[in-house]
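1. Requesting a structural model of the entry that follows:
(3 chains)
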Amino acid sequence: MVEYPDQTLLRFRDDEPHDEPAVTLDSFIGQSNAAAVRLEAGDDARALLPQIDQLALIEVSFPGYRDGRGYSSARILREAGYTGELRAQGDVLVDQIPLMRRCGFDSFAPQAPIDIDVLRASLERYDTPYQKAADGAVPVWKLRHG
Amino acid sequence: MYKYDEYDQAIVDQRVDEFRDQVRRRLSGELTEDQFKPLRLMNGLYLQLHAYMLRVAVPYGTLDGRQMRMLGHIARKYDRGYGHFTTRQNIQFNWIQLDQTPDILQELATVEMHAIQTSGNCIRNISSDQFAGAAADEVADPRPWAELIRQWSTFHPEFTYLPRKFKICVIAADEDRAAMRLHDIGIGLHVRDGELGAKIFVGGGMGRTPMISHEIRDFVPADDLMSYLEACLRVYNRYGRRDNIYKARIKILLHEIGPDEYRRQVEEEFAAVKGLGLDPPRAELERITSHFGAPAFDTDAGTDIDRSDPDFAVWLDQNVRPHKQDGYAIVTISLKPVGGIPGDASADQIDLMADLAERYSFDELRVTHAQNIVLPHVHRRNLHNLWTALNEAGLAEANLDLISDIIACPGLDYCSLANARSIPLAQKIATRFGSLDRQRDLGELKLKISGCINACGHHHAGHIGILGVDKKGTENYQLSLGGSGAEDVSLAKITGPGFSEDGVVDAIERVTDRYLQVRDPGERFLDTYRRVGFETFKEAIYG
Amino acid sequence: MKLLTGNDLPTGDVVWWTGNGWSRHIEDAADVGVAGEAILQAEEGARRVNVPYLIEATQTDEGPRPAHIKDRIRALGPTMRPDLTLKPADPNAGSWVI
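-> Purely as a prediction, here's the structure:
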């Protein structure tokens, strides 16, 4: 985990953050050369798939922590093979980050500061998940049956 | 029944650790109540009128004596000596302190129990048939499938912040004893070409807009079940309404886009996720199934039962049902003593039921959605001894499925959402019809009371349903008729203007009097209602 | 009169603002009058009491009586279990609620 000094961005990637501003889905579909796009919670992530290879950053907005649509957007993108940066932005709470990591997010721009010690403990807490998701963690059933 | 292995145990232990840390952060002020609320709800902890309430999961309603005894221990040590069994086959403790909940969860974890996902906008405890593994009419034991789904849904990373709560039910018999069609997803197991698979119904539910589910797919084989459920939930997570909490359940999505369009979207999503390896191998279902093998039944069917004690004989006829194994019976322990609190059991009663399960029912108990307890495997020769022990503890009320076997939510005596009290009304109704002869003459009559529109008391599914409302600061009760949560599922219809507490008891009596006047031989109340129609009863109520 | 009430954070107990602190007994509750909103804000900030809120009540010989049945039940306890209420010795305490 790389932390940035102002704690507005937490990244779980080794590459340099992409600094081009993200465009909206509508403008992305209209212009073909952007490498960063922002998905609103209600946007259809599948609309990005035809041009997914040119993207280096997809930012998914969480307008409120109760709005879980972005979790599905993340999984759809990872299931389609997207390997660029996938950032959760907005009302992202520390207790949600482990779930978001499992859905494929590898970067977080929470609107309120995150307690890094709490986050570290949360990320290390569970040894094995029950279900397969987008993070490559080996599910319990796989460990049981090889 | 299912036993944890090291992985299951680790997950539950780690959950206790996580919640302890969340409680610590709340008590220190690091978390606001608004931030803490979804976290505590995800662990079944509510703030009710008088205290915190903790809802402990009883997966598919099955537990053993050791677990039951732990519930008695929790009631004694952390609560006020009792617990309340719920329509979701769980148990609630009404007088919990926040600062003690981590310790309670730690104690529960020692007997493979938890409060995970007993509230919150996530996949809740999986419910099932309380006669599973004992019923003669089942094609298979549904619980291995329910356990498979329990594991898949536990901390599901994508489906923990759904638009609204999500309830799944699995049954495997023609008779629906679990209100399967009134769940967000109902699964009916059946055999096709020699293979067991799942028929999937989606979009049922009660609440303020009750709906019966739609069949979405006739057959999903075990190998595809998780992928298919992922697809069902993903469509809901993406497109379920989030602008209005009262329209956020999946039933509204199905209502708005139609079952055909929902099915089309699910099939499309299913096609996308099917190849991702989300499904455990068949060996995992087999491993779980091996935990649910039949107990070592005594094949000696024994002799006839001595029915000379009339109280015992009535209980036999009312609360004891046939078992698939010769010589055995399924016993329902009524938690509805006339004038008592529906679903409540004292710590001593909980301990006794644990003892009796160990002695007479292969160490197994079930919680029913009608808020009773089942001992699923009792040899007929032990029935009299069992009844004697229950009778001494006030647990031998012979009223299963009769008018005093009332489902009632906690209502305004406990619940912060309620508009009217449910329990005192249930007590009045049961007392009015008190005589068992009178109740048995009325026959099967399912009466269900909810203290508010959220319908925790399943009033929409009551042959007679009652909804408590707030009428300018006083309690008022709406009467409805003709609902059913069984395989003949239907939604009850409101009769007309509401009543005071005493007024609704009188109105119910007018309904049952009319039923006695017009019924044909052998007809249940619901049959008569369906034959003669709503107006006959409405006229009896309002004149 | 106006009362300020909520549930104690660690225990969940129903509590009433007395003028200089919180009590489990509604008899101790003080009329907060127009200061209610300010006290509520201050107490919410102090985070000892969960979701404090203001209610209407009338002063009676037996003490303050909340206008709404929900708060009368909160002040007493579950009506069908007198033994669990704050007045366990009075089997008719439940009638105060109605």
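2. near chain A at all, stretch B:216-232?
-> Yes: part of stretch B:216-232 sits near chain A under the criterion CB under 8 Å from any CB of the partner chain, namely residue B:226. (Each C-beta comes from the backbone N, C-alpha and C, glycine too.)
3. Which residues belonging to that stretch are considered buried?
-> Buried residues in stretch B:216-232, counting neighbours by 16 or more other CB atoms under 10 Å in any protein chain shown, are found at B:216-217, B:220, B:222, B:224-232.
4. now for those, which pair is the farthest apart?
-> Greatest spatial distance in the buried residues of stretch B:216-232: B:216 and B:222, 17.3 Å, computed using CB to CB.
5. where in chain A is pLDDT low?
-> By pLDDT under 70, the weakly predicted segments of chain A are A:4-7.
6. Those residues of chain B touching chain C, which are they?
-> Close to chain C, as judged by CB under 8 Å from any CB, chain B has residues B:26-27, B:29, B:32-33, B:47-52, B:80, B:95-99, B:341, B:412-414, B:416, B:418, B:421, B:423-424, B:427, B:473-475.
7. ok, how many other residues are close to residue B:347?
-> For residue B:347, the neighbour count with other CB atoms under 10 Å in any protein chain shown is 20.
8. Quick check, it in contact with residue B:77.
-> No: when contacts are counted by CB atoms under 8 Å, residue B:347 is not listed as touching residue B:77 (9.1 Å).
9. which parts of the helix or strand of chain C with the lowest mean pLDDT are buried?
-> Lowest mean confidence among the helices and strands of chain C (mean pLDDT, DSSP states H and E): helix C:36-46, at a mean of 90. Buried residues in helix C:36-46, defined by neighbour count with 16+ other CB under 10 Å: C:36, C:39-40, C:43-44.
10. cool, and stretch B:180-191?
-> Buried residues in stretch B:180-191, defined by neighbour count with 16+ other CB under 10 Å: B:180-190.
11. and the residues you listed, which two are the farthest apart?
-> The most widely separated members of the buried residues of stretch B:180-191 are B:184 and B:190, with 20.1 Å between them, by CB to CB.
12. and residue A:65, what does it touch?
-> Counting by CB atoms under 8 Å, 6 or more residues apart in numbering or on different chains, residue A:65 touches A:91-93, A:96, B:35, B:38, B:161.
13. For it, what are phi and psi?
-> phi -70, psi -20 (degrees, to the nearest 10).
14. Phi first, then psi, for residue B:288.
-> Main-chain torsions, residue B:288, degrees, to the nearest 10: phi -70, psi -40.
15. Now it: closest residue in space, sequence neighbours ignored.
-> Excluding the flanking residues, the one nearest residue B:288 by CB to CB, 6 or more residues apart in numbering or on different chains is residue B:144, at 4.5 Å.
16. Likewise for residue A:14?
-> Nearest non-adjacent residue to residue A:14, counting by CB to CB, 6+ apart: residue A:2, 7.9 Å away.
17. Could you count how many residues lie near that neighbour?
-> Residue A:2 is flanked by 11 other residues according to other CB under 10 Å.
18. residue contacts, it?
-> Neighbouring residues of residue A:2 by CB under 8 Å, 6+ apart: A:10-14.
19. any chance you could map the helices in the stretch 301-450 of chain B?
-> With DSSP state H, counting those that start in this stretch, the ranges of helices along the stretch 301-450 of chain B come out as B:310-319, B:347-360, B:383-392, B:423-432, B:436-442.
20. Report the distance from the least confident helix or strand of chain C to the chain centre.
-> 16 Å (CA atoms, centre = their mean, to the nearest Å).
21. Let me know the next secondary structure element after that helix.
-> Note on helix C:36-46: by DSSP states H and E, the next helix or strand toward the C-terminus is strand C:49-60.
22. Give me the helices and strands touching that next one, please.
-> strand C:2-8, helix C:36-46, strand C:63-66 (3 or more CB pairs under 8 Å, 6 or more residues apart in numbering or on different chains; DSSP states H and E).
23. Tell me which of these sits nearest to chain B.
-> Closest of those to chain B is strand C:2-8, at 5.9 Å (criterion: CB to the nearest CB).
24. just to revisit the earlier point, who wins for proximity to residue B:465 among the helices of the stretch 301-450 of chain B?
-> With CB to CB, the closest approach to residue B:465 among the helices of the stretch 301-450 of chain B belongs to helix B:423-432: 12.2 Å.
25. residues of that closest one that come out buried?
-> For helix B:423-432, burial by neighbour count (16+ other CB under 10 Å) applies to B:423-430, B:432.
26. now the nearest residue to residue B:523 once chain neighbours are set aside, what's its secondary structure?
-> Distances taken as CB to CB, 6+ apart place residue B:531 nearest to residue B:523, at 7.2 Å, with adjacent residues excluded. With DSSP: H, G, I helix; E, B strand; the rest coil as the basis, residue B:531 sits in helix.
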